[in-house]
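> any chance you could fold what I've pasted below:
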Amino acid sequence: FRAYKGPVDVVVQTLKTEGLVQGLYRGHASTLLREIPGNFCWYGVYEGVCKSMIPEGGTKADLGPSAHIIGGASAGVAYWTAFYPADTVKSQLQTHPDHARHGFYETFKSIFRKEGLRGLYRGWGVTAARAAPAHAAIFAGYEYTMKLLRPEHIDEERSFVMQESIHD
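Predicted coordinates for the structure are as follows:
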């Protein structure tokens, strides 16, 4: 364990001892291996759940907040379920001295060999429990904001304000 004088000292000492790439970008490939397909799952599950809840003959605009909450919660859990092992590997690469010298594949194999699938998903339950409400709020908030910003809604607000000012 190292003691640092502050955030700038962390960067300076890391660059001196580990170099630019290994010091500042360790685990970056693992992050990309999680983020790229994870976001595909995230949006795909959200859209799939929402589409499945559209009333017959309706559109996505007919969905209420509960559909966006359920879709968002499902998307968050799907995101973390599908690619959680990549996050586990990333964390090990960034924090565990034994894995710091190895790449993604070697670290993945090492964890799997020692702990099996359970080791790759260690901590998933807590992460999924946190993800469901957080991602539900993200998507519900996004959809509500977009609804408020739609031209027809803005025109309704503008006409209401104009009527109010005419009557004053």
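> helices or strands next to the biggest helix by length in the chain in the packing?
In the chain, assigned by DSSP state H, the helix with the most residues is helix 65-95. Using 3 or more Cβ pairs under 8 Å, 6 or more residues apart in numbering; DSSP states H and E as the contact definition, the elements that helix 65-95 packs against are helix 28-52, helix 104-120, helix 124-149. Bear in mind the C-beta positions are built from the backbone N, C-alpha and C, glycine included.
> dump the ones you listed into TSV; add distance to A67 as well.
Listed next are the helices and strands packed on helix 65-95 as TSV, based on distance: least, Cβ to Cβ, whole Å:
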stretch	distance to A67
helix 28-52	6
helix 104-120	32
helix 124-149	9
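> single out the most deeply packed of these.
Neighbour counts averaged per stretch over the helices and strands packed on helix 65-95 are highest for helix 28-52, at a mean of 17; criterion: mean count of other Cβ atoms under 10 Å.
> so how far is it from its chain's centroid?
8 Å (Cα atoms, centre = their mean, to the nearest Å).
> contacts for it next, please.
60, 63, 67-68, 70-72, 74-76, 78-80, 82-83, 86-87, 89-90, 93, 103-104, 135, 139 (Cβ atoms under 8 Å, 6 or more residues apart in numbering).
> and the residues you listed, which of them are buried?
For the contacts of helix 28-52, a burial check counting by 16 or more other Cβ atoms under 10 Å picks out 63, 67-68, 70-72, 74-76, 78-80, 82-83, 86-87, 89-90, 93, 104, 135, 139.
> how close does the closest residue to L120 other than its chain neighbours sit to S91?
Once flanking residues are discounted, L120 sits nearest to P85: 3.8 Å by Cβ to Cβ, 6 or more residues apart in numbering. Per Cβ to Cβ, to the nearest Å, P85 is found 11 Å from S91.
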